[in-house]
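Participant: let's see this in three dimensions:
(chains A and B)
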Amino acid sequence: MTHEQPHAEAHGGHAVERHVPPTTVRQYVYMGIFLTVVTAVEFVMVEMAINNAILIPALIILTAAKFMVVVIWFMHLRWDSPLLTKLFTSSFVLASAILLALLALFWAGHNDSMNIP
Amino acid sequence: MAAGTHETHHHTSTGIDNRKLLMWAFLASECLFFGALIASYLVFQDRIITGPTPEEIFDIPLTTVSTFVLLMSSLSMVLAVYAVQHRQIKFMRWMLVTTMAMGVGFLAIQVYDWIHLITHYDFKPSTNQFGATFYMLTGFHKAHVIVGLIYLGSMLIGSMRRRGMGDDGELHIDLGGLYWHFVDLAWIVIFTVVFLIPAAGAIG
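Facilitator: Numbers count the residues shown, from 1 in each chain, chains lettered A, B, ... in the order given. Next up, the predicted model:
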């Protein structure tokens, strides 16, 4: 890589890197099985009508696990430039914050309107 | 090709191919787009004056099957990317065809579900605010799946040309894979937030 440096500097940038993730087909298949099992667990939990105090956090955790597998391994963020991770994470956090702010705003208003005699 | 890092001859200020950076910037904006749609659904889904409620009409087993189909399409898509990175073009084509077939299967199940909701429950976008936001959110997701199918179809046709996909074929498949995985990501969230949690009667 070092012999590329002067050439890169002459162009005022960095050489574009192409990554080939070391993941094997077998590992990808295991991840597919994991996604299937987690989805099945979510379905069974909803069908069993578990207490919502347990069900909702469990569903959120399982959904986050599936989300992370797809983003980190299927979309190869683990091996790509950290800049891409920052770009996607920042927009996801912003979207989540907007969603929570809207819910707080409208649910508060909704409850207030319910209290009007 | 051995696993590791390879360099091409062109340079950018970030060290990332501009087309890949553009795709990630687009996907980042899509996060905000779907975030706004999901927020509007959650705000309005329990403000029902007339018509059915979510827990009365959702077919969770059918939606779970469609979720499984879309997740498996993501697996076949990542295998297509793996194949092109390892110069296994025939395997890549089969994986692209498999991904597209499962995408069509997902759409077929979703369209069946829509028809079932309309014919059995008279649940339309105009029924109530829950209907309007539900059809808007799932409709936009279906539109993304259709765009993805066209995108993957164009790459499949491109790979069958005599000249192949050119020097950047690997990058094109990678970008198509990123888009398809994002469609899957959006559905992972929609499945839980729109279908599972309301079906459990947890909201509203």
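Participant: the residue most central in space within chain B: what's it in contact with?
Facilitator: Chain B has B:Val183 as the residue nearest its centroid, 2.1 Å off, counting by CA atoms, centre = their mean. With contacts taken as CB atoms under 8 Å, 6 or more residues apart in numbering or on different chains, B:Val183 has the following neighbours: B:Leu70, B:His141, B:His144, B:Val145, B:Gly148. C-beta: built from backbone N, CA, C; applies to glycine.
Participant: among these, who's most crowded?
Facilitator: When these are compared by neighbour count (other CB atoms under 10 Å in any protein chain shown), B:Leu70 ends up highest, at 27 neighbours.
Participant: which secondary structure element contains that residue?
Facilitator: For B:Leu70, the element it lies in under DSSP states H and E is helix B:60-85.
Participant: tell me how far that helix lies from the chain's centre.
Facilitator: 10 Å (CA atoms, centre = their mean, to the nearest Å).
Participant: wait, does that helix contact chain A?
Facilitator: Yes - using CB under 8 Å from any CB of the partner chain, a contact is recorded between helix B:60-85 and chain A, made by B:60-61, B:64, B:67-68, B:71-72, B:74-75, B:77-79, B:81-82, B:85.
Participant: so where do the helices sit in the chain?
Facilitator: Chain wasn't specified; assuming chain A. Along chain A, the stretches classed as helices by DSSP state H are A:5-10, A:25-47, A:52-69, A:82-114.
Participant: looking at chain B here, not the other one
Facilitator: Secondary structure of chain B (DSSP H): helices located at B:18-44, B:54-57, B:60-85, B:89-121, B:129-160, B:169-190, B:197-199.
Participant: who are the contact partners of the closest residue to B:Val97 other than its chain neighbours?
Facilitator: For B:Val97, the nearest residue in space outside its immediate sequence neighbours is B:Leu156; the separation is 6.8 Å by CB to CB, 6 or more residues apart in numbering or on different chains. Contact analysis of B:Leu156 by CB under 8 Å, 6+ apart lists B:Arg93, B:Leu96, B:Val97, B:Met100.
Participant: buried ones only from the residues of helix B:60-85 next to chain A, please, as a PyMOL command.
Facilitator: What follows is the PyMOL syntax selecting those of those that are buried according to 16 or more other CB atoms under 10 Å in any protein chain shown:
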select buried, chain B and resi 60+64+67+68+71+72+74+75+77+78+79+81+82+85
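Participant: for A:Ala65, state which of the residues of helix B:60-85 next to chain A is nearest.
Facilitator: When these are ranked by distance to A:Ala65 (CB to CB), B:Leu71 comes first, at 12.5 Å.
Participant: distance of the residue lying closest to that closest one once chain neighbours are set aside relative to A:Val69?
Facilitator: Spatial nearest neighbour of B:Leu71, excluding adjacent residues (CB to CB, 6+ apart): A:Leu35 at 4.6 Å. Distance of A:Leu35 to A:Val69, given as CB to CB, to the nearest Å: 6 Å.
Participant: so for the two, which residue has more residues nearby?
Facilitator: More neighbours surround A:Leu35 than the other of A:Leu35 and A:Val69, with 24 against 19 (other CB under 10 Å).
Participant: where does the prediction get shaky in chain A?
Facilitator: By pLDDT under 70, the low-scoring segments of chain A are A:1-13, A:15-18, A:108-117.
Participant: same check on chain B?
Facilitator: Low-confidence regions of chain B, defined by pLDDT under 70, span residues B:1-10, B:201-204.
Participant: again, only using 80
Facilitator: Chain B contains residues with pLDDT under 80 at B:1-15, B:46-51, B:162-167, B:199-204.
Participant: quick check: the gap between the nearest residue to B:Phe33 once chain neighbours are set aside and B:Ala39.
Facilitator: If the residues on either side of it in the chain are set aside, B:Phe33 comes closest to B:Phe140, at 7.8 Å by CB to CB, 6+ apart. Plainly put, B:Phe140 is 13 Å away from B:Ala39 if you go by CB to CB.
Participant: which one of the two is surrounded by more residues?
Facilitator: Comparing B:Phe140 with B:Ala39 by other CB under 10 Å, the one with more neighbours is B:Ala39, at 23 against 13.
Participant: contacts only, for that one.
Facilitator: Contacts of B:Ala39 (CB under 8 Å, 6+ apart): A:Ile98, A:Leu99, A:Leu102, A:Leu103.
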